[in-house]
Every structure is written in structure tokens, then in C-alpha cells.
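*Asks:* Need coordinates for the following:
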Amino acid sequence: MNPLLIGAIAVVETVTLAVLPSRSSAQTQSAFARPRVLEVSSVGVDNNAQLSSLIAEVRTQADAFVFLSGGASRMREDQQRQLLEMFEALTMIAKDGHRIAVGDGGTQAGIMEAAGHARRGSGNAFPLIGVAPARAIAPRGETPLDPNHSLVVAVDNPSAPQKDSWGSETETMYWLFAKLTEGRPSVTIVANGGGITLREVDANVRAGRRMILIKGSGRAADALVSLLEKAQVSDPEIATLRESAQKAMLTRRPQLFQIVALQDGPGGLRDAISAAIRMP
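*Replies:* The predicted structure follows:
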């Protein structure tokens, strides 16, 4: 079996429930809202007029792109809260006047919900595009979408398993990300995550895209950090993910990776994003 697929069935990063800071009543009401959903087939994306229109629209709104990969599961509550607060970095960058767009999985969970809060905190200053399998989200599935996303692309992949379609959207997601970023700077933030996250890291490596690894967020992110730092790991899950990442040679281009510690907070992440996309 492809080592990148090890654990992918058992681990679903994009539906991880996470503890977020308490919200105001207005924010709580937004939980009943729903972003615009664009359902597309994974077949023939190059000729999809709706996707072409979306790409053109977003590129008029952004000069640089930030993508998110992973989640916030199986962490201590204090560490999880610390991780989610780091994504206030997106609010900081937008409030500094930088024109960014953000892409992720679009669901109301973990770092994706944190990105939604960051967009809301910025006054909706940047596009936030989610990409998720159509079978997993409403109306065909039960996974809730984050209400603070501007749009979610629901990917209908005919070859997706009936019971667990997570990961079937990855190829379309990274096709879309590649089209959005043609000739423009981009970076992916990798936090926590499992087997699907390793597949996404592979897509980023193939694209030559820089990545920021959140050290201390656990699982896939820490597995990659341990390879780059040549450090041993004791956690069984991290060890398994590390073995998969090593077999797939995911760190074969170490210059693409930057490590930011969980303790560096939103400011540290903001600085890393700014450097990665060459903002002044």
C-alpha cells in the first residue's frame, strides 16, 4: 500500500471537533448561517466554467495565497486552544492591508473554524475558500460547514468510497490551488493532521510550495518536524506517520519547510507567513 494512505481511512482531519474561544451571541447566531456552495465534479475540471469564473474572481481580490492543511485533534485542551489562537495571524496580515486569500477544507472544525473566526475578525477582509467532498457535507452529508467562509467548493468524485469520502477531494483541491497561485506567492500551514495531511504535503512538495510546520501541534506536523530535525519520537502515532513520511520522501526538499513553534503564537505565525510570501 502507498505509505501515504496508511491511517488515512481511520484519520479524518477535516471533521475534527475543536475547542474554540467563547463567542459573542452574534457569532453564535452565525453558526446557523451557511457559506455559498459550488458543487463541481472532479472530472473535467479544466473545462468547468464555474471554476474558471471562481479562479478569475479570487485572483482579482488577492495578491498572495495561504493554504491550511491538518487539524487540531488529539491535543491537550490548552495546546489546542493555543494552536487555534495562532490563526489570528490571518487577521493581522489582512488588517495590515495585505491582499491575501485563504484556502482550506471549509468545515466547522479545528483550524478551519479558526480561519473563519480570523476572517470575521478582519471584517471579512479576505476570501476564504473551502474545498470538501460533496458526499460529506450538507445536503448529502452531515458534516457542518464553517459559516464564516466565503465559499465552499463541494467536490463530487465518482470514485469516492460511499462511506468515507474524505480525501477524495484532494486532487481537485490542489488543482484549484495551483490555478489560483499561478505566478503569485503562496504558502501552506501544516498543523497536526494525519494520513490525509501527508498526502497534501506531498502535493505541496510536488508544487514546490513553501510550508510552515507548527511544531508542538502533534501528529503529522510533528512527524515531519522530527524528520527535518533528525529527532527521535516516542508517540506511537507520530512514529507511524513519520515512517510513512520517510518512505514517501516528503522532506526531500527541506528548503520548502519552515518550523514555527506552538509557543510562538499569532505573531510568530504572522512573521513566518509574511516571509514565505515575501511581503514587506
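
*Asks:* low-confidence ranges in the stretch 151-280 of the chain?
*Replies:* For the stretch 151-280 of the chain, the stretches with pLDDT under 70 are 279-280.

*Asks:* can you map out the strands along it?
*Replies:* Listed in chain order, the strands of the stretch 151-280 of the chain (DSSP state E, counting those that start in this stretch) span residues 151-156, 186-191, 210-215, 257-261.

*Asks:* next one: the third one to chain centre, how far?
*Replies:* Just to be clear, that refers to strand 210-215. Relative to the chain's own centre, strand 210-215 is displaced by 12 Å; criterion: Cα atoms, centre = their mean, to the nearest Å.

*Asks:* So what are the sheet partners of it and their directions?
*Replies:* strand 186-191 (parallel), strand 257-261 (parallel) (DSSP bridges).

*Asks:* re the thing from before, just name the most buried of the strands of the stretch 151-280 of the chain.
*Replies:* strand 186-191 (a mean of 27; mean count of other Cβ atoms under 10 Å). Every C-beta, even on glycine, is put in place using the N, C-alpha and C of the backbone.

*Asks:* Residues in contact with that strand: which ones?
*Replies:* 64-72, 83, 86, 111, 177, 180, 197, 200-201, 204, 209-214, 217, 220-221, 224, 269, 273, 276-277 (Cβ atoms under 8 Å, 6 or more residues apart in numbering).

*Asks:* Equivalent analysis for stretch 76-95, please.
*Replies:* In contact with stretch 76-95 (Cβ under 8 Å, 6+ apart) are residues 18-21, 66, 72, 75, 100, 102, 110-111, 113-115, 117-119, 121-122, 125-126, 191-192, 214, 216-218, 262-270, 273-274, 279.

*Asks:* List only those of those flagged as buried.
*Replies:* Buried residues within the contacts of stretch 76-95, counting neighbours by 16 or more other Cβ atoms under 10 Å: 18, 20, 66, 72, 75, 100, 102, 110-111, 113-115, 117-119, 121-122, 125-126, 191-192, 214, 216-218, 262, 264, 266, 268-270, 273-274, 279.

*Asks:* These in helices, which ones?
*Replies:* Under the assignment DSSP state H, the buried ones among the contacts of stretch 76-95 contribute 110-111, 113-115, 117-119, 121, 266, 268-270, 273-274 to helices.

*Asks:* Tell me the one of these nearest residue 41?
*Replies:* Set against residue 41, the nearest of those by Cβ to Cβ is residue 115 (25.9 Å).

*Asks:* Does the closest one touch residue 102 like I think?
*Replies:* Yes. Using Cβ atoms under 8 Å, residue 115 is in contact with residue 102, at 5.7 Å.

*Asks:* joint contacts of these two?
*Replies:* Common neighbours of residue 115 and residue 102 (Cβ under 8 Å, 6+ apart) are 68, 90, 128.

*Asks:* Tell me the buried residues within those.
*Replies:* 68, 90, 128.

*Asks:* Just the closest of those to residue 250, please.
*Replies:* Among these, and counting by Cβ to Cβ, the member closest to residue 250 is residue 68, at 17.5 Å.

*Asks:* If I look at the closest one, what pLDDT would I see?
*Replies:* We have a pLDDT of 98 for residue 68.

*Asks:* do the same with the one 4 residues further on
*Replies:* As summarised for this prediction, residue 72 has a pLDDT of 95.
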